[in-house]
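**Student:** predicted model, plus sequence, below.
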Amino acid sequence: MTAQRRKELLLAWLVFVRAFNAYLCERGLPTVDYDPDQKRDKNGKFAREGGGKDAEYGEAFPQFKGKPKKAIEHLLKVRRGYVPGAFYRKDLGHIDLVWGNRHFGLRHIEKRRLETGQDFKALMKDLPEIIEKGELLDDGENKDMKIIMHKGKRAIIKLIWEPKYGKRTDRNWLFTAYYEY
């Protein structure tokens, strides 16, 4: 199969998945996750381990709730899913840690920090302290986000989840993190 044909088939598949997800959402059913980068087992099926599946974030790993360092370590290892309540702050409550995609979550943080030459590993090591001890600020431009600043580093927490299809829900989750310039 040529590279062009593979590209055409992938595009057709993505169009189908989007349409199917719209159909499922109209009926209040969970949507289908599709990440072309998600690892597969030797039989070509998506690799699964850990907890149940959440249509919003992917596979849940609840065994790491309240254990931010282990949660970060695990998601960086498996490169998918999420940890509900990985972090906790009295003023925000539980905060989910998501693997995400190239636009948000750990995958986004890793991609952007490496592109900009920032020390990604050090940022991940400091992330629990940033979230737990940092100063909580309102994002002046977006009422659905909070900024946590600590020792020249920022974490952005989104207070809602807005899937492409489906209902908006109140849910705190790590959107991104970076060094201040």
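**Tutor:** Received, thanks. Numbers count the residues shown, from 1 in each chain.
**Student:** please give the element, helix or strand, for the residue lying closest to residue 135 once chain neighbours are set aside.
**Tutor:** The shortest distance from residue 135 to any non-neighbouring residue, by C-beta to C-beta, 6 or more residues apart in numbering, is to residue 149 (5.1 Å). Just so you know, the C-beta spots here come from the backbone N, C-alpha and C atoms, and that holds for glycine as well. Using DSSP states H and E, residue 149 sits in strand 145-150.
**Student:** flag every buried residue along that strand.
**Tutor:** 145-148, 150 (16 or more other C-beta atoms under 10 Å).
**Student:** thinking again about what came up before, contacts only, for the residue nearest to residue 135.
**Tutor:** Listed by C-beta atoms under 8 Å, 6 or more residues apart in numbering, the contact partners of residue 149 are 134-135, 137, 180.
**Student:** any chance of those in a markdown table with secondary structure, pLDDT and neighbour count as columns?
**Tutor:** Formatted as a markdown table, these follow (DSSP: H, G, I helix; E, B strand; the rest coil; pLDDT from 0 to 100; neighbours: other C-beta atoms under 10 Å):
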| residue | secondary structure | pLDDT | neighbour count |
| --- | --- | --- | --- |
| 134 | coil | 93 | 17 |
| 135 | strand | 94 | 8 |
| 137 | strand | 90 | 12 |
| 180 | coil | 74 | 8 |
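**Student:** which residues of the protein score low on pLDDT?
**Tutor:** 14, 18, 21-57, 162-169, 181 (pLDDT under 70).
**Student:** remind me, longest strand of it?
**Tutor:** strand 169-179 (DSSP state E).
**Student:** quick one: distance of that one to the chain centre.
**Tutor:** Counting by C-alpha atoms, centre = their mean, to the nearest Å, strand 169-179 is centred 8 Å from the centre of its parent chain.
**Student:** strands of this structure, residue ranges please.
**Tutor:** Using DSSP E, strands in the chain cover 53-54, 58-59, 82-89, 93-98, 135-138, 145-150, 153-161, 169-179.
**Student:** need those strands in JSON lines (columns: distance to residue 108).
**Tutor:** Formatted as JSON lines, the strands of the chain follow (distance: least, C-beta to C-beta, whole Å):
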{"stretch": "strand 53-54", "distance to residue 108": "19"}
{"stretch": "strand 58-59", "distance to residue 108": "14"}
{"stretch": "strand 82-89", "distance to residue 108": "13"}
{"stretch": "strand 93-98", "distance to residue 108": "10"}
{"stretch": "strand 135-138", "distance to residue 108": "21"}
{"stretch": "strand 145-150", "distance to residue 108": "14"}
{"stretch": "strand 153-161", "distance to residue 108": "11"}
{"stretch": "strand 169-179", "distance to residue 108": "6"}
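**Student:** just these: most buried one?
**Tutor:** strand 82-89 (a mean of 23; mean count of other C-beta atoms under 10 Å).
**Student:** any idea of the angle it forms with strand 145-150?
**Tutor:** Strand 82-89 and strand 145-150 are oriented at 60 degrees to each other (axes from the mean of the first three to the mean of the last three C-alpha atoms, to 10 degrees).
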